[in-house]
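**Student:** give me a model of this one.
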Amino acid sequence: MRQILIYFFLSLPILVMMTWLYLDKRSIKLRELKRIQLRSQPLAPEYLHILQTEFPLYLRLPNELQCKLAGHIQVFLDEKDIIGRNDLDINDKIRVLIAAQACLLILNRPGNYYPGFRSILVYPNTYVASSTRTEGMLRITSKSTRAGESWHRGPVILAWDHVLQGARDSRDGHNVVMHEFAHKLDEENAAMDGLPLLPTLEQYQQWSQVLNAEFIVQQQKLADGVDDVIYSYGATSPAEFFAVVTETFFEKPHQLEHRHPQLYEQFKQCYLLDPKQWSNAKLQ
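**Tutor:** Below you'll find the predicted structure:
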């Protein structure tokens, strides 16, 4: 009897682990089945109207990508909580335009719909945020006005007026949703360091070589006060460089490819998209 009890207690952790693995796999399978179902559903007419009237980049997408984006929007809205701050009432326009711009980045990328967080906090307009840094024995707190931010392993925060402007003007190179969700792609690779998940070792090597060289060029241009199609804020850190070039890639593809062809090619491989093909398309 004692031998049986000892065997049972020695086996218990294994049984617990096997049960956990089984339940986890079952949960993943159920989630994927739900996602397939959501992606197969037609987009609500009122959602489609919002895309057609407020997001001109959607109209430039090929029909195949429009349908794919609609499916991603359905999943995104089911899995993320969009929460209003400062008395902002969240409506369909807010939800759809955030989802559409965020999902454009994962339109063709294999992935998991921005894992690791659920909440998106939306302010009516630019908001004031506090930050603290340490200098020696001193802790210095400062305040700044922001249009968006992405907390590592935490929520995305957005200003609605900038979300709407980014959706309506898809050619100015500024898009706060794309910027902050690029940070979320960046952090999937353990840290926000300008290195998203890539499929092969060779691609990591190419990415590192090209982006390191381009980042040094941008730092020098910032120091010299030289303008570029890539906004100067991208030269402040590798993480910001990835986020800013993402905005440029989707909104100024021709200019980026003309002035930085190797950089454009790396982002085309990263996102598995070629926005140059959309930019001259006739609006439907």
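**Student:** can you list the low-confidence ranges for the stretch 51-200 of the chain?
**Tutor:** Applying pLDDT under 70 to the stretch 51-200 of the chain flags residues 130-143.
**Student:** at 90 instead, please
**Tutor:** 110-112, 126-148, 152-154, 189-192, 199 (pLDDT under 90).
**Student:** tell me where it has strands.
**Tutor:** Ranges of strands in the stretch 51-200 of the chain, per DSSP state E, counting those that start in this stretch, are 81-84, 119-123, 127-135, 138-146, 148-150, 156-159.
**Student:** compute the number of surrounding residues for the closest residue to residue 153 other than its chain neighbours.
**Tutor:** In space, and not counting its chain neighbours, residue 153 is closest to residue 116: 5.5 Å by CB to CB, 6 or more residues apart in numbering. Where C-beta positions appear, they are placed from N, C-alpha and C, glycine not excepted. Neighbourhood size, residue 116 [other CB atoms under 10 Å]: 11.
**Student:** relative to residue 184, how far out is residue 116?
**Tutor:** 8 Å (CB to CB, to the nearest Å).
**Student:** again, but for residue 50
**Tutor:** Distance from residue 50 to residue 184, by CB to CB: 23 Å.
**Student:** and residue 202, by the same measure?
**Tutor:** Counting by CB to CB - residue 202 and residue 184 are separated by 25 Å.
**Student:** tell me which of these two has more neighbours.
**Tutor:** A direct count of neighbours by other CB under 10 Å for residue 202 and residue 184 places residue 184 higher, at 23 against 9.
**Student:** which residues does that one contact?
**Tutor:** 114, 116, 117, 150, 156 (CB atoms under 8 Å, 6 or more residues apart in numbering).
**Student:** out of these, who's nearest residue 86?
**Tutor:** Checking the contacts of residue 184 against residue 86 with CB to CB, the nearest one is residue 156 at 16.3 Å.
**Student:** what sits opposite the closest one in the beta ladder?
**Tutor:** residue 120, residue 150 (DSSP bridges).
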